[in-house]
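>>> what follows is a predicted protein model with its sequence.
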Amino acid sequence: MQKRKLYLDCDGVILDTIRKSYEIIENQNLTTRDEIKFFYEKINWNELIIKSGEIDHSISKIRKLSNFFDIEILTHVHSEVEAKAKFDYFAKELPGINVISVPKSIDKCDMVDPNGAILVDDFITNLEKWKKKGGIPIKFSDSGKKCDFTTITDLTQLLEIDFAIKLK
Ligand SMILES: [Mg+2]
């Protein structure tokens, strides 16, 4: 049987890099948009990934999900260093699962074909654009806060959702 395409966001879905980096941003008292942009461009991503760790055993959950979905990781990046760090991390942890690094200036829905494919993301704007282009948006939220999209708090919940849209 053909598996449905599933794109997973990295930061805030698989890795706890958002929470960890906000912690550093607060400690360093960075407040302006430029300061924060510069911070993300310059930070050592290998170190940030290790310090952040997985969200709720995401890696083993993705291994399980890969039996049912055709998974790729679709992640926005601020720099080549970040792209390389994520590539290296997932090559080791999830061999066989492709990482697509998307420059910040490009929308995820323009990088790949969203038609009939699922995107799990913690950032609503990505999901809104994904839906407009025929994709299936799923909001990941560790707080379970409600929004207009189907929301999951655990990646394995994807196995319980009935994706009514037919496979191509
Ligand atoms: Mg994210």
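Here it is on my side, so go on. Numbering: from 1, shown residues only.

>>> show me what residue of this structure gets nearest to the ion.
In the chain, the residue that lies nearest the ion is Gly12 (3.7 Å; Cβ to the ion). Bear in mind the C-beta positions are built from the backbone N, C-alpha and C, glycine included.

>>> got a list of what Lys133 touches?
Lys133 is in contact with 109, 114-115, counting by Cβ atoms under 8 Å, 6 or more residues apart in numbering.

>>> how about a cut-off of 10 Å?
Listed by Cβ atoms under 10 Å, 6 or more residues apart in numbering, the contact partners of Lys133 are 107-110, 112-115, 117, 119.

>>> mind checking which of those are in helices?
Here DSSP state H is the test, and the contacts of Lys133 give 108-110 as lying in helices.

>>> next secondary structure element downstream of the lengthiest strand in the chain?
For the chain, the strand with the greatest residue count under DSSP state E is strand 69-77. Counting by DSSP states H and E, the next helix or strand C-terminal to strand 69-77 is helix 80-93.

>>> CA-only coordinates of that following helix in PDB, if you can.
Taking Å, rounded to 0.1, in the frame of the first residue of the first chain, the C-alpha atoms of helix 80-93 are listed here in PDB:
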ATOM      1  CA  GLU A  80      24.200  26.700   6.200                       C
ATOM      2  CA  VAL A  81      25.600  25.800   9.600                       C
ATOM      3  CA  GLU A  82      22.100  25.000  10.900                       C
ATOM      4  CA  ALA A  83      21.300  23.000   7.800                       C
ATOM      5  CA  LYS A  84      24.400  20.900   8.200                       C
ATOM      6  CA  ALA A  85      23.900  20.400  11.900                       C
ATOM      7  CA  LYS A  86      20.300  19.100  11.400                       C
ATOM      8  CA  PHE A  87      21.400  17.000   8.400                       C
ATOM      9  CA  ASP A  88      24.200  15.300  10.500                       C
ATOM     10  CA  TYR A  89      21.900  14.800  13.500                       C
ATOM     11  CA  PHE A  90      19.100  13.100  11.600                       C
ATOM     12  CA  ALA A  91      21.500  11.100   9.400                       C
ATOM     13  CA  LYS A  92      22.700   9.500  12.700                       C
ATOM     14  CA  GLU A  93      19.400   9.300  14.600                       C
END
